[in-house]
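Asks: this is a predicted model, with the sequence first.
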Amino acid sequence: MTTTFLDEMYGPCTLESFAQHREAGQVRAPYRPIEEWLRSTDPSVFASKREEADLIFRRVGITFNVYGDQAGTERLIPFDIIPRVLSAAEWTHLAAGLVQRVKALNMFLRDIYHGQEVVRAGVVPEAHLLRNSLFRPEMKGVDVPGNVYVHIAGIDIVRVEEGTFYVLEDNLRTPSGVSYMLQDRAVMMRLFPQVFAKAHVAPVDHYSQELLRTLRSVAPATAEGEPTVVVMTPGPHNSAYFEHTFLAEQMGVELAEGQDLFVRDNAVYMRTTLGPRRVDVIYRRIDDDSLDPLAFRPDSMLGVPGLLSVYRNGGVTLANAIGTGVADDKSSYPYVPELIQFYLGETPILGNVPTYRCALDSDRAYVLEHLAELVVKQTQGSGGYGMLIGPRSTRDEQAKFRALINAHPDGYIAQPTLALSSCPTFVEEGIAPRHIDLRPFILTGLNGSVVVPGGLTRVALTRGSLVVNSSQGGGTKDTWVLRT
């Protein structure tokens, strides 16, 4: 089956016609400096620069841990040196849609843990909340500074044709990947400084300062002087540990594990060589269940006993808030356009991918009949796991998912297989198209939202693959947003 898709540099093409499009030299406007650079540079230079990039990543320690990998737990995420480019106009459109979406999701979280007007209005069924394990009753009636529940969001975006972007997924609990965005840029600027001089690329290196400003803005009223911020990590065995250490270092704050923190007198303290130091804001990279063994999983060795009590009483701020998972669960995703209309009275700037809810009898019947054509996802799955890509699946895989859907229809959604846009990528056979997505990061504090111009572009390095996740063999690219 031949599939036409939009190549970000050369326009509509197929895997087979890509070389002809490239030879014809018909280049989309944002990529003209890149095309000129590619044509004027000897291929051997790119090969050596790619090796240099890998060496830099290894020296810096930019790896991620793979759970259950028998060959070893640490891997280097492949980095491709051809950037993904967005025009200033494209970015303005995306940023407006991202801010709108996160604003509505914050209002949704405030509502479901307080008055639940969205349920009373019939927009979201009450059963959707009650059946969702990510809904936290412990958060009912809890007020958070500025009504901000999602301080750091990573929203996955895909382009399917010129001017058409869809939101593929909302990441609102502990979104990862921003360290790779920053390091990809640093490496590209080191390897190819001359290209940046011609392209007028907007910077991203102020992200860490914006993050710190955002976190300090939501400190509790009990904070004295400049609020103390810490990054809370599960430890070095976590897949994103490099990112935890990197962000703490970039912000100039402490990296703390649960054992470094303790609760006393309705406050959280950090153990230091100079004695206990009060903590005002915890940028936590630990899931809800592990945060407090007195409130959630009693066997958790990662959390801080009594943390929930201090949080509920306003003695500390957690970013992101407990209970945000109910808003980024894939079963909540289909409601987001309605939430934007309900809370903001606005038409969504960025659309959803059309989605079938297997909990609905009519949708489930359609999905079961068309498994070979659809992408089926677990509502609480992540990292590319728990997913069926119908057109590339076997009959046995389809039979397995048919049984899973029938047994637990609430646990699955399905979507049409999109022809994701591609970007020229250096692979073994040379420059070839590979499918991509984009994860921009939105920071929200008491002073509003900031979207740093860029994001993490993930690329599926296998020919024809639509799975970009690093855990599934995907790589990354630098993302350039042009100033003009």
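Replies: Thanks, I have it. Numbering: from 1, shown residues only.
Asks: my guess is Arg121 meets Tyr343, correct?
Replies: Actually, residue 121 is Ala. It isn't Arg. No: at 10.5 Å, Ala121 does not count as touching Tyr343 under the criterion of Cβ atoms under 8 Å. Any C-beta I mention is one placed from the backbone N, CA and C, and that applies to glycine too.
Asks: between these two, who's got more neighbours?
Replies: Tyr343 (19 against 11; other Cβ atoms under 10 Å).
Asks: make sure that one is indeed in a helix.
Replies: Yes: secondary structure of Tyr343 (DSSP: H, G, I helix; E, B strand; the rest coil): part of a helix.
Asks: so what's the residue count around the residue nearest to His114 when sequence neighbours are not counted?
Replies: Distance criterion Cβ to Cβ, 6 or more residues apart in numbering; nearest residue to His114, sequence neighbours excluded, is Gly141 at 6.7 Å. Gly141 has 9 neighbours, counted by other Cβ under 10 Å.
Asks: ditto for the one 5 residues further on
Replies: Using other Cβ under 10 Å, Gly146 is surrounded by 16 other residues.
Asks: run through the residues that contact it.
Replies: Ser217, Val218, Gly445, Leu446 (Cβ atoms under 8 Å, 6 or more residues apart in numbering).
Asks: Glu162 now?
Replies: Leu6, Gly11.
Asks: any idea how far Lys377 is from it?
Replies: Glu162 sits 27 Å away from Lys377, taking Cβ to Cβ, to the nearest Å as the criterion.
Asks: repeat that for Arg110.
Replies: When Arg110 is compared with Lys377 (using Cβ to Cβ), they lie 27 Å apart.
Asks: quick one: which of the two has more around it?
Replies: For Arg110 versus Lys377, the count of surrounding residues by other Cβ under 10 Å is larger for Lys377: 25 against 17.
Asks: list the contacts of the helix or strand hosting the more buried one.
Replies: For Lys377, the host element (DSSP states H and E) is strand 374-378. Identification of contacts with strand 374-378 by Cβ under 8 Å, 6+ apart yields 330, 356, 367, 385-390, 401, 405, 411-417, 466.
Asks: again, 6 Å this time
Replies: Outside strand 374-378, the residues within contact range by Cβ atoms under 6 Å, 6 or more residues apart in numbering are 330, 386-390, 401, 411-415, 417.
Asks: show me where the stretch 201-350 of the chain has strands.
Replies: 229-232, 254-256, 261-263, 268-270, 277-279, 281-284, 317-319 (DSSP state E, counting those that start in this stretch).
Asks: now render those strands as JSON lines, adding distance to Glu52.
Replies: Below are the strands of the stretch 201-350 of the chain laid out as JSON lines (distance: least, Cβ to Cβ, whole Å):
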{"stretch": "strand 229-232", "distance to Glu52": "30"}
{"stretch": "strand 254-256", "distance to Glu52": "29"}
{"stretch": "strand 261-263", "distance to Glu52": "40"}
{"stretch": "strand 268-270", "distance to Glu52": "39"}
{"stretch": "strand 277-279", "distance to Glu52": "40"}
{"stretch": "strand 281-284", "distance to Glu52": "33"}
{"stretch": "strand 317-319", "distance to Glu52": "36"}
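Asks: please convert the ones you listed to a markdown table, extending it with distance to Asp478, mean neighbour count and mean pLDDT.
Replies: A markdown table is the format used below for those (distance: least, Cβ to Cβ, whole Å; neighbours: other Cβ atoms under 10 Å; pLDDT from 0 to 100):
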| stretch | distance to Asp478 | mean neighbour count | mean pLDDT |
| --- | --- | --- | --- |
| strand 229-232 | 24 | 25 | 98 |
| strand 254-256 | 26 | 20 | 98 |
| strand 261-263 | 36 | 19 | 98 |
| strand 268-270 | 35 | 21 | 98 |
| strand 277-279 | 34 | 19 | 97 |
| strand 281-284 | 25 | 26 | 98 |
| strand 317-319 | 27 | 26 | 98 |
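Asks: minimum distance to Arg101: which of those has it?
Replies: Closest of the strands of the stretch 201-350 of the chain to Arg101 is strand 317-319, at 18.3 Å (criterion: Cβ to Cβ).
Asks: what is the burial count for Gly25?
Replies: 9.
Asks: could you list the domains of this structure?
Replies: 5-220+316-350+418-481, 354-416 (automatic domain parsing).
Asks: out of these, which one sits most buried?
Replies: domain 5-220+316-350+418-481 (a mean of 19; mean count of other Cβ atoms under 10 Å).
Asks: mind checking which of the domains of the chain is nearest Met232?
Replies: Closest to Met232 of these, according to Cβ to Cβ: domain 5-220+316-350+418-481, at 8.7 Å.
Asks: now do the same end-to-end measure for the closest one.
Replies: Chord length of domain 5-220+316-350+418-481, first to last residue, is 22 Å (Cα to Cα, to the nearest Å).
Asks: low-confidence bits of the stretch 201-350 of the chain, can you list those?
Replies: Along the stretch 201-350 of the chain, no part satisfies pLDDT under 70.
Asks: and if we set it to 90?
Replies: Where the stretch 201-350 of the chain drops to pLDDT under 90, the residues are 237-240.
Asks: now do the helices in it.
Replies: Along the stretch 201-350 of the chain, counting by DSSP state H, counting those that start in this stretch, helices occupy 207-217, 241-251, 307-312, 325-328, 336-344.
Asks: in the third one, what's buried?
Replies: Of the residues in helix 307-312, those with enough neighbours to count as buried (16 or more other Cβ atoms under 10 Å) are Leu307, Leu308, Val310, Tyr311, Arg312.
Asks: Ala295 is in contact with the second one, correct?
Replies: Yes: Leu308 lies in contact with Ala295 (Cβ atoms under 6 Å); the separation is 4.0 Å.
Asks: and Gly315, how close does it get to Val148?
Replies: Taking Cβ to Cβ, one finds Gly315 at 17 Å from Val148.
Asks: and what about the closest residue in space to Tyr335 that isn't next to it in sequence, helix, strand or coil?
Replies: Closest residue to Tyr335 apart from its sequence neighbours, by Cβ to Cβ, 6+ apart: Val124 at 5.5 Å. Classification of Val124 by three-state DSSP places it in coil.
Asks: same check on the one 5 residues further on?
Replies: For Leu129, the assignment made with three-state DSSP gives helix.
Asks: surely it and Arg136 touch.
Replies: No: look at Leu129 against Arg136 with Cβ under 6 Å: they stay out of range, at 10.3 Å.
Asks: what sits against Arg364?
Replies: Contacts of Arg364 by Cβ under 6 Å, 6+ apart are Cys358, Pro409.
Asks: make TSV from the helices of the stretch 201-350 of the chain and add distance to Asp437 to it.
Replies: Formatted as TSV, the helices of the stretch 201-350 of the chain follow (distance: least, Cβ to Cβ, whole Å):
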stretch	distance to Asp437
helix 207-217	19
helix 241-251	18
helix 307-312	33
helix 325-328	16
helix 336-344	17
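Asks: between these, which one is closest to Val158.
Replies: Nearest to Val158, of these and by Cβ to Cβ, is helix 336-344 at 15.3 Å.
Asks: partners of whatever helix or strand comes next after that closest one, with directions?
Replies: Going down the chain from helix 336-344, the next helix or strand is strand 351-352, by DSSP H and E. Its sheet considered, strand 351-352 pairs with strand 164-171 (parallel) by DSSP bridges.
Asks: now the following helix or strand past the strand it pairs with against helix 207-217, angle please.
Replies: Of the helices and strands lying after strand 164-171 in sequence (DSSP H and E), the nearest is helix 178-191. If you take axes from the mean of the first three to the mean of the last three Cα atoms, to 10 degrees, helix 178-191 sits at 150 degrees to helix 207-217.
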